[in-house]
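K.L.:
Please find the sequence and the predicted model below.
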Amino acid sequence: MNVYRYIPGTESAVTRHWPGLFQEWSQGPTPFTEYAVNNNNMEKMAVYLGLAWRLTAGLARYSIPTYYRDDAAEALGREPVLVAWEYEIEAEDPHTVLDNGFVPGRSTADGHTPKSWENANRAGLFELSAPRDLVRLLRAVLLDATAEISLFGVAPGADRQTDLVASLCDSARPSLPSVLRDEDVFVDLTIGSDVGYYDAITVASPTDLQLRIDALAIDYATRIEAYQNSLDDLSDMTAFLRAIRELAGITLDAA
């Protein structure tokens, strides 16, 4: 299994920021509704989202939003497949992460009904059809001290989906080698929003992704430089959203 990590610590992928992030926003599309960008996590969120989506290009995408399963279901407008396991990365050190692997699922189920008692310790696996779905999941989990989303890119088709669900429902604790096959790609986004929590991106695949990751790193370095050089020209929200789309490198409603 090939595993790659991005651990920025106290650094940020984007170092210059649009002043409008710290101003009052009107109704309509905003940085947060469109790219989960706010005045805490900033424009790096667009880079993370774009990277995760592009790394899983050509694959069917399924995601587990840690803990906030029901909030994610409301954001997407559909129920997930309930599974027993979710992935956990702890990023409480600026220089390293604690990779706990698959851990028992958990959720915010309120426990008012027997059904919610039964499913409180289940994670939710959502199928994603476009980048906007990933944004909605991230928005559902982001307003906490730390947030995490795991993305599985697997071969398209009902059989592979069934196998993925089965591996995440197994009574025995799964591992990435037991879950991923062939050219599957796993991406975990861990986002620190409070003091003492940090960002981390973990990528894993049976296939060597080094060349793809290197190419994407170069592409995003170019996009970040272009974005930062354009900041003085971003006079309103429309201009900013156009610039952030270029920074992300993805179209929200495209498959």
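P.N.:
Sure thing, it's come through. Residues are numbered from 1 along each chain as shown.

K.L.:
Skip the chain neighbours and tell me the closest residue to Arg132.
P.N.:
Closest residue in space to Arg132, ignoring its immediate chain neighbours: Leu252 at 4.3 Å, by CB to CB, 6 or more residues apart in numbering. (Glycine included, C-beta is placed from N, CA and C.)

K.L.:
wait, that neighbour sits on Ala36?
P.N.:
No: using CB atoms under 8 Å, Leu252 is not in contact with Ala36; the gap is 11.0 Å.

K.L.:
joint contacts of these two?
P.N.:
Residues touching both Leu252 and Ala36 (CB atoms under 8 Å, 6 or more residues apart in numbering) are Val135.

K.L.:
Which residue of the two possesses the greater neighbour count?
P.N.:
Counted by other CB atoms under 10 Å, Leu252 and Ala36 do not tie: Ala36 has more neighbours, with 23 against 17.

K.L.:
so that one makes contact with Arg139?
P.N.:
Yes: counting by CB under 8 Å, Ala36 does reach Arg139; the two are 5.2 Å apart.

K.L.:
For the nearest residue to Leu59 once chain neighbours are set aside, the count of nearby residues, please.
P.N.:
Excluding the flanking residues, the one nearest Leu59 by CB to CB, 6+ apart is Gly153, at 3.5 Å. Neighbour count for Gly153, taken as other CB under 10 Å: 24.

K.L.:
check contacts around Gly153.
P.N.:
For Gly153, the contact set (CB under 8 Å, 6+ apart) comprises 55-56, 59-61, 184-187.

K.L.:
and it, that one's in a helix?
P.N.:
No: looking at Gly153 with DSSP: H, G, I helix; E, B strand; the rest coil, it is strand, so not inside a helix.

K.L.:
Could you report the pLDDT at it?
P.N.:
According to the prediction, Gly153 has pLDDT 99.

K.L.:
And for Tyr68?
P.N.:
pLDDT at Tyr68 comes out at 89.

K.L.:
Grab the longest helix from the protein for me.
P.N.:
The single longest helix within the chain, with elements called by DSSP state H, is helix 210-230.

K.L.:
List the first helix or strand encountered after that helix toward the C-terminus.
P.N.:
The helix or strand immediately downstream of helix 210-230 is helix 237-248, counting by DSSP states H and E.

K.L.:
and the angle from that following helix to helix 210-230?
P.N.:
Here helix 237-248 runs at an angle of 160 degrees relative to helix 210-230 (axes from the mean of the first three to the mean of the last three CA atoms, to 10 degrees).

K.L.:
residues in contact with helix 237-248?
P.N.:
14, 18, 20, 25-26, 28-31, 34-35, 37, 43, 46-47, 49-50, 131, 223-224, 226-227, 230, 233-234, 251-252.

K.L.:
Any regions of the stretch 151-255 of the chain where pLDDT drops low?
P.N.:
Nowhere does the stretch 151-255 of the chain drop to pLDDT under 70.

K.L.:
what's the distance between the residue nearest to Leu59 and Asp184?
P.N.:
6 Å (CB to CB, to the nearest Å).

K.L.:
hey, what's in contact with both of the two?
P.N.:
Contact criterion CB under 8 Å, 6+ apart; residues shared by Gly153 and Asp184: Leu59.

K.L.:
Which strand or helix spans Arg173?
P.N.:
Counting by DSSP H and E, Arg173 is part of no helix or strand.

K.L.:
wait, what's in contact with it?
P.N.:
Listed by CB under 8 Å, 6+ apart, the contact set of Arg173 reads 85, 101-102.

K.L.:
Sitting in helices, which of those residues do you find?
P.N.:
Assigned to helices by DSSP H, none of the contacts of Arg173 qualify.

K.L.:
Contact partners for Ser26?
P.N.:
Met237.

K.L.:
what about it, is that helix, strand or coil?
P.N.:
coil.
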